Every structure is written in structure tokens, then in C-alpha cells.
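In: For reference, the sequence and a predicted model appear below.
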There are 2 protein chains.
Amino acid sequence: MLKKTTKLLVASALVAGLSTAAFAKDRVYKWKLATTWGSTLSPFIDAPKNMAKLAKEMSNGRLDIRVDASNKHKAPFGILDMVKGGQYEMGHSASYYWKGKDINTLPFTTMPFGMTAPEQYAWFYYGGGLELMQKAYKRHKVLSFPGGNSGNQMGGWFRKEINSLEDLKGLKMRIPGFAGEVMAKLGLAVTNIPSGELYTSLERGTIDALEWVGPGMDIKMGFHKIAPYYYTGWHEPATELQFLVNQRQFKRLPKDLQKILVTAMRVAAYDMYIQNYHMSADAWSKIATDYPNIKIKTFPKEVMDAMKKANDELLVEKAKESPLLKEVLDSQKAYMKKAREWTKMSDYKYLKDNL
Amino acid sequence: MLKKTTKLLVASALVAGLSTAAFAKDRVYKWKLATTWGSTLSPFIDAPKNMAKLAKEMSNGRLDIRVDASNKHKAPFGILDMVKGGQYEMGHSASYYWKGKDINTLPFTTMPFGMTAPEQYAWFYYGGGLELMQKAYKRHKVLSFPGGNSGNQMGGWFRKEINSLEDLKGLKMRIPGFAGEVMAKLGLAVTNIPSGELYTSLERGTIDALEWVGPGMDIKMGFHKIAPYYYTGWHEPATELQFLVNQRQFKRLPKDLQKILVTAMRVAAYDMYIQNYHMSADAWSKIATDYPNIKIKTFPKEVMDAMKKANDELLVEKAKESPLLKEVLDSQKAYMKKAREWTKMSDYKYLKDNL
């Protein structure tokens, strides 16, 4: 009986034109992904975890990606280097974290006074944004994809109320990306700090203020215990995280696994946007009752005007540093101009009519 | 050499525990999907087409779904019946089209004065909405999934300006869903008409007014040539289309193909939301220059107040018809109450501060 089955199997295999390729098809690709985030930093850590789970299930186990949190690899801001160098096949982080290394990668996360999440996704997928992001990462031999959006972020936590530009001057603040450049121009001492060290840095006075994400992620970090003034957003209207993939490793995957990977990243990114919307809505609904000491504030007009002015000036200055950066900023500006008119006529007007 | 390879092949197959199951794994599932839409009705038709393409590529051809436009099956509003009856394994339509058959399926598309797209996606995926939708479709032995969002829709095209409630009375209007119920209560003669017949119906006077989607889809239909008054939205703040899957057929798929199908639907749905945002932004940006005869209007306060009042009354009335409908409406109401506060503090405030 066994003999007959064996014969049949061989015959079937030969008839089907299968050779060792049949088994190559079943080859398991064991990959590793390095994230900037701690192992429990939901929803940021959920995006790569969900992506890996989906890829594994859709590929019937053939694409098996291990997600390493930052406590494992100890290099939360070294994700690009590790993916570029091949220590990790993939990464999950925020592109603006390595603006000091390559300014061209900055604008793909978010820009102060820039696009909202649906506007920005439309720019990425239907307005040429994704192509520009691939262009920016090409010199690193890394592919990059949207990795999840935080939605509109809050402007950050301050120990004292900000009543004037003068109150901002000299403050030490954790604020990354282009917003960090804006704040530096306004006289703040700007720095970036990994999420796991934020609370301690604030507590010890290494920093006086910080922005992190929004109510869904911020409140459980406990910042309000030290810095209860919580400012509304201007600087990160739609922070998109990024998946990075080593180009050479990607090319080694069979076509179906490439498609599975790209799709898993795309859906995990959208899902994180929606997950954080939910988490923020949930946390926000309890803020007044559960955290009555938190004081919700908006920066005074003088400060907002100065931020806008500094931002406009910096956009002109920085564009001179790199033709590619100029191309990206011009593309974002043109797209936003178009999309914002529709946003105002659709969602904005609808919300206004139903306040 | 061949002999050795063959032996190795057999040995590997036995070691891997493969039998004829190895070949069952390569079985091709040829499915058919029926849509409500015409073959060129972008982006509605793109959602199922993109979904099918993704599923085929990710499964290496093992899940092969043919998408039939409405001109093929001639039953644009019969999608649920055809999926239920098994003539089609899948469908793509809008759940509110069969409210006359099963009122419980109505609220999963959109509700007047209801949730915006991110709020509604958060409700579906993190607020219990998807579970309620599956519950509503269970008696039809059909699975249902979000199928793409139009974003905020425009309130429709009218031949004459609407200056009072009186101007609405007696008008024959194409308007589906709960908004149709509201308009009927205000004295309109309400009907639903497939997209391919809309222009002719308006031209011939079968209807006096209609709502379709938004600038991205409406303008190329030519409605403005007959009915140039284009009203802003109140009635469909986030119209989600639906994928339907015959439950029995779904269960027959291997686990990996089930996951591929569900993921392909999920990403195609999100993508359609973003695609339509792009198309609307694009069309809107040209409306003043290319279509100067289109008159953008908002319904007067008297009319909006009457719509809101009728909507509130109908929500109470309809909830009495079915405990499940009540459960869904209560869930939407509670979720929207929570999510809207965050929307107002985040995107809405950000847009307002940057007008």
C-alpha cells in the first residue's frame, strides 16, 4: 500500500511538472523586523505584529516574520541603518527620526500645518507620494511603505501654561520632525527621546515639555502627573509611521509572497489609523471625569502665528538644501491645496453643520 | 541523476508528511462576484476588481474571482438574493439597497446625521459594528464585510433652488437608505434607481431630483446639465459599501485562502475610501472653472431642522420594528457620541484653526 502511494505520488509529481521547485515553493522565509517601539506600546507595536500575523496566515506559514521590540535590539532610532545593513530584513519606525542623516526622508511622516490623514493617504496612493517616498529611500537600497497613522496629534504636555512666545523660549522639549525645527527657530532646546525614556526625562528635568501622540497613548504614560497643560495640535496632523524592507531581501521573495507582504503592510497601516482613532476617542471620553487635573489648552494666537511664520520660512530654507526635498515639499503643497478644499466642503462642513 | 532526484523528492514528500493533500493544496477555486455597478463605474467597481486581483496574486492563482458588472447579471439590486441562493459566491453592493426585504441590514451603509468615515471604521473594527453586521446577515447565511467608503456625500442635484420645506413637497427624488425614509416623511415621493438609469430618469422627468455620491462620481454623469443646484451633504456622511460572501462557500476554502480573501476585501475597502477622496478632491478643484453653471447650495435652516426632526422620530419608530435594529442603532448612537468628541478636538479643531 505504501509502495503504491509512493509510486502514485511520484507519478503525480512528475505529471504535474513538479521538481524540486515544488518544494522551493514551500520554502519558509524566516525574517526579522526591528521596531522603534517597546513591546507593549499599543497601537504602534500592533501594526508590525498584525502585519506579521497576517503575512504568516496568508502564506500558510511560508513568510514568518519575527517582530523585535526596541528592548531586544537596543537601537530604537537605528532602524534604517539595521535594515540597510541587512541585520534586519524589515523595520517599523517613523521616517522623520533620521532627518539628521537624510533630510529627504523627513516629510513622509507628517508636516506641521500639513495634510490630515485621508488627505495624506490620498497623496501617498493616488497623488504620487508613495513614488516619492521610494525615490527618497532608493539610495539606502531600502523600500518604504506607509506603516500606520496616528491621526491628528495633540500639541504636547507642558508644566506651565504658555501665554506668550516668551514662555516658550529656552524650554527643553522633546519634539521630532519638522515641528522640532520650528520650535528650535522659536528658541526652544529641541531633542528626541525614545518612548521608554520619556517619563523619566520629564520627571528628572532633562526636558521641560514633550509631545508624544494623543490621549489614547499619552495618558497611560502618566505625563499629566508632571506636566498637566495639554495643548491641542498644530504640528503633526497625520503622523504616518513607515515599514522599511531591505530591497535585496524583498527581491528574493517569490512574487506571491511579495504581494502578501505589501498587502499585509498596507492593511496593517490603515488599521492602525482606525485603532488609534478608537483608542483616542475612548481615552478622550474619560479625560474630564478620570483626569480632572489635565488642563486642555490651545496655544495663544501670537504663538500660533509665530509657529506658522517660522514653518513657512523653514520650508523655503530647507528646500534649498536638496532638490529631492523641494520636489517632495512642492508635491505635498500642491496636493494639500487641492484636497483641503474638498475636506472643507465635505467632512468639515458636515461637522460644522452638526455641532 | 533523475532517479536520485526522484528518490529525494519522494523522501522529502514523505518526511514532510505530504500525500494527495499536497495537491489539494494547489486546487484552484473559481468564484464569481456580482456587483450592483456598471463595468466602468469607478471607484465603486474598482473595489471588487482590486480585491479580486489581490486575492489572485496573493494566492498564486488559487483563488480566482470573476467580477460581473450589472449589465452581465441584470439584477443590480438583487445581489443579496444571488449570493444567498448561491448563483454567485460573492457580491459587492450597498446594504441599504434591500431595506425593504430586511430592515436590519440598512444601518451598515450610512445613517443621516451619522458617523464620518474614520468614526464609522472605528465602530466597525473596534466598536462592535462588524459583529453586529455579521449578526444581521446570519439569517441569510451570508457573511458581510466593509466594501469601500465614499466619504461624505453631497446632498444631491435639484432643478430648482430649495428655499423652503414647501419647495421639497411632492418632488420625486432618487434617494436610498434611511435618508429616503426621512425625505418621504417630509412629503417627497422617494424611489431608488440603478446608476445606469439615473441620467435618463432625470432627463425624462421620472424623477425631479436625485442624490448620487459626490463630485468625483457625479459630474461625469452629467446631472448638472439638467439639475444644476448641487446641495451639500447631511444624509450620507460615510457611505460604506459591502462585500457579501456565501457562508457555505467561504467555509469550503482552506484557511489560508480565507485569510487572503478577508484581507483583500479589507484593504480594497480602505483603498476605495482614499481613491474616492482623491477623485472628489480632483473634481472639486475644477468645478468653479470647468462647470460655472453648477450652483453649490446648503439646505436652508428650516429644511435642515425638519430633516433632523424627522430623522430623530424615525429612529424611534423604526427601532420598535426589530430588536436587532434597535441594538444596532443604539450601538451606533453610543459610539458616535464618544468618537465625535475626539473628532471635534482633533481634525475639526485643526481644520478650523487653519482655515
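Out: It's in.
In: then stretch A:109-117 to CSV, C-alphas only?
Out: Extracted C-alpha coordinates of stretch A:109-117, given in CSV (Å, rounded to 0.1, in the frame of the first residue of the first chain):
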residue,chain,number,x,y,z
THR,A,109,5.8,61.1,8.4
THR,A,110,3.9,64.4,8.8
MET,A,111,4.4,68.1,8.4
PRO,A,112,3.3,71.0,10.7
PHE,A,113,0.2,72.7,9.3
GLY,A,114,0.1,69.9,6.7
MET,A,115,-2.3,67.3,5.5
THR,A,116,-4.9,65.3,7.5
ALA,A,117,-4.9,61.5,7.4
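In: Centre of the chain to it, how far?
Out: A distance of 12 Å separates the centroid of the chain from that of stretch A:109-117, by Cα atoms, centre = their mean, to the nearest Å.
In: And the contacts of it?
Out: By Cβ atoms under 8 Å, 6 or more residues apart in numbering or on different chains, the list of residues contacting stretch A:109-117 from outside reads A:94-96, A:120, A:123, A:149, A:151-153, A:177-179, A:182, A:234-242, A:273, A:307-308, A:311, A:332, A:335-336, A:339-340, A:343, B:118, B:347, B:350-351, B:354. (Each C-beta comes from the backbone N, C-alpha and C, glycine too.)
In: Also stretch A:203-210?
Out: A:156-159, A:171-175, A:191, A:193, A:198, A:200-202, A:223, A:226-227.
In: What parts of the stretch 151-300 of chain A come near chain B?
Out: Proximity of the stretch 151-300 of chain A to chain B (Cβ under 8 Å from any Cβ of the partner chain) is limited to residues A:151-152, A:214-215, A:232-234, A:237, A:254-256, A:259-260, A:263-264, A:266-267, A:270-271, A:273-275, A:277-278, A:280-282, A:284-285, A:296, A:298.
In: Just the ones of the residues you listed in helices?
Out: Mapping these onto helices (DSSP state H) picks out A:215, A:255-256, A:259-260, A:263-264, A:266-267, A:270-271, A:273-275, A:277-278, A:280-282, A:284-285.
In: A:Phe145 against A:Arg266, yeah?
Out: Yes - under the criterion of Cβ atoms under 8 Å, A:Phe145 is in contact with A:Arg266, at a separation of 7.0 Å.
In: for the residue sitting nearest the centre point of chain A, helix, strand, or coil?
Out: The structure's chain A has its C-alpha centroid closest to A:Leu241; by Cα atoms, centre = their mean the separation is 1.3 Å. Reducing the assignment to helix, strand or coil with DSSP: H, G, I helix; E, B strand; the rest coil, the entry for A:Leu241 is strand.
In: quick one: it and A:Gly216, what's the gap?
Out: The span separating A:Leu241 from A:Gly216 equals 15 Å under the rule Cβ to Cβ, to the nearest Å.
In: can you check A:Pro76 too?
Out: Distance from A:Pro76 to A:Gly216, by Cβ to Cβ: 20 Å.
In: Give me the residues contacting the host helix or strand of A:Ser331.
Out: Following DSSP states H and E, one finds A:Ser331 within helix A:323-343. Contacts of helix A:323-343 from elsewhere in the structure, counted by Cβ under 8 Å, 6+ apart, are A:103-104, A:106-108, A:111, A:114-116, A:118-119, A:122-123, A:127-129, A:132, A:135-136, A:315, A:318-320, B:215, B:277-278, B:280-282, B:284-285, B:351.
In: Just the buried residues of that helix, please?
Out: By neighbour count, and taking 16 or more other Cβ atoms under 10 Å in any protein chain shown as the criterion, the buried residues in helix A:323-343 are A:324-329, A:331-332, A:335-336, A:338-340, A:342-343.
In: For the closest residue in space to A:Ser59 that isn't next to it in sequence, give me its contacts.
Out: Counting by Cβ to Cβ, 6 or more residues apart in numbering or on different chains, A:Ser59 lies nearest to A:Ile260, which is 5.2 Å off, once chain neighbours are set aside. Residues counted as contacts of A:Ile260 (Cβ under 8 Å, 6+ apart) are A:55, A:58-59, A:63, B:58, B:260.
In: likewise A:Lys352?
Out: For A:Lys352, the set of contacting residues under the criterion of Cβ under 8 Å, 6+ apart consists of B:Tyr348.
In: With A:Asn246 instead?
Out: Counting by Cβ under 8 Å, 6+ apart, A:Asn246 makes contact with A:83-84, A:86, A:88-90, A:141-143.
In: In strands only, show me those residues.
Out: Filtering the contacts of A:Asn246 for membership in strands, criterion DSSP state E, returns A:90, A:142-143.
In: All good on my end, thank you.
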